[in-house]
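>>> Here's a sequence, model it:
(2 chains)
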Amino acid sequence: MRVSLDFSAFGRTKGYEYAVRFLFGGATTVVAGLLAKHFGPALGGLFLAFPAIFPASATLVEKHEKEKKQHAGIFHSRRGRQAAAVDAAGAAMGSLGLALFGFTIWKWLPLWSPWPVLLCGTVGWLVTSFALWRIRKDH
Amino acid sequence: MNQLLFRFAVGGIMVTLFALLADLLKPKSFAGLLGAAPAVALSTLGLTIFTDGKSYVALEARSMIAGALAFFLYACGCSYLMMKFSLPAIVATTSMLFVWLIFAVGAWLLVLR
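Below you'll find the model as predicted:
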């Protein structure tokens, strides 16, 4: 299956669902900063990879898939949970890319200027995650 | 206080933008990659470089590797629980947060501290 954009998803996601993600994302950023201030960067840094919004996102994936099936007249389907499970499998591959992002920042930031390093880390995350997704899909 | 509010706003916006992109992408396994996007890290690290310097951020990034590996275990566990035992997403994803916490804090206690 090819990667594509489905703009009809705009209509399925409600305003409050984005608000929930905004709140969780903002709260995690603040908590990570506060933990680093009080307990040091070694502990605070862990929370830069905390799956803060993942429970909300997976629940929404399950809910949207269930609604799609109900709309088609199918009321007892496991499809919602399966879609959320597939989403989680994708996140597992993304998390390995996230580890590479952390490694890039850790090793390169003390040597070079910040913005190119952050950009390299982000591109590294994207390329690694995409490569792992392709390998898994092909096998 | 102002700095906390700024962090909250930047973090919230970054996470919402990645979530919006994930909603639009198909197939779902690919969109799932964005569930582990460095959204919080990009907003936090960008701000922290200005306030605490590059060495401080490099230390945070080193710990982030352990956090990301904990995320890998977490996401694999969530996927397994939902696929194999058909647990509702909210139950699987919130209960597995303990696994993330145990692995991440364990790595901090044993290696990073």
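
>>> tell me the helices in chain A, going along the chain?
Counting by DSSP state H, residue ranges of the helices within chain A are A:9-12, A:15-39, A:41-44, A:54-71, A:79-108, A:114-138.

>>> Give me whichever of those is most buried.
By mean neighbour count, with neighbours taken as mean count of other CB atoms under 10 Å in any protein chain shown, helix A:79-108 ranks first of the helices of chain A at a mean of 25. For every residue, glycine as well, the C-beta is placed using N, CA and C.

>>> Could you check the angle that one makes with helix A:54-71?
Note on geometry: by axes from the mean of the first three to the mean of the last three CA atoms, to 10 degrees, helix A:79-108 and helix A:54-71 are set 150 degrees apart in direction.

>>> hang on, the earlier thing: indicate which one of the helices of chain A is closest to B:Y56.
Of all these, helix A:41-44 sits nearest to B:Y56, with 5.3 Å by CB to CB.

>>> ok, back up a step: do you know which of the helices of chain A lies nearest B:A31?
Ranking those by their distance to B:A31 (criterion: CB to CB) puts helix A:79-108 first, at 6.5 Å.

>>> what angle do the closest one and helix A:114-138 make?
In this structure, helix A:79-108 runs at an angle of 140 degrees to helix A:114-138, with the same axes, to 10 degrees as the basis.

>>> How about helix A:79-108 and chain B, any contact?
Yes. Residues of helix A:79-108 are located near chain B by CB under 8 Å from any CB of the partner chain, namely A:80-99, A:101-106.

>>> Let me see the contact set for the residue of chain A found nearest chain B.
Among the residues of chain A, A:G90 lies closest to chain B, at 2.0 Å counting by CB to the nearest CB. By CB atoms under 8 Å, 6 or more residues apart in numbering or on different chains, the contact list for A:G90 reads A:W133, B:K28, B:S29, B:F30, B:A31, B:G32, B:L33, B:L34, B:G35.

>>> Spatially, which residue comes closest to it, not counting chain neighbours?
Taking CB to CB, 6 or more residues apart in numbering or on different chains, and ignoring the residues beside it in sequence, A:G90 has B:G32 as its nearest neighbour in space, at 2.0 Å.

>>> rewinding a little: what score does the residue of chain A closest to chain B have for pLDDT?
According to the prediction, A:G90 has pLDDT 93.

>>> distance of it from A:H71?
Taking CB to CB, to the nearest Å as the criterion, A:G90 is separated from A:H71 by 24 Å.

>>> which stretches of chain A have low pLDDT?
For chain A, applying pLDDT under 70 flags the ranges A:1, A:75-77.

>>> Dead centre of it: give me the residue that sits there.
The residue at the geometric middle of chain A, judged as the C-alpha nearest the mean C-alpha position with CA atoms, centre = their mean, is A:A91 (5.9 Å).

>>> List the contacts of that residue.
Neighbours of A:A91 in contact, by CB under 8 Å, 6+ apart: A:P51, A:F54, B:G32, B:L33, B:G35, B:A36, B:F71, B:A75, B:C78.
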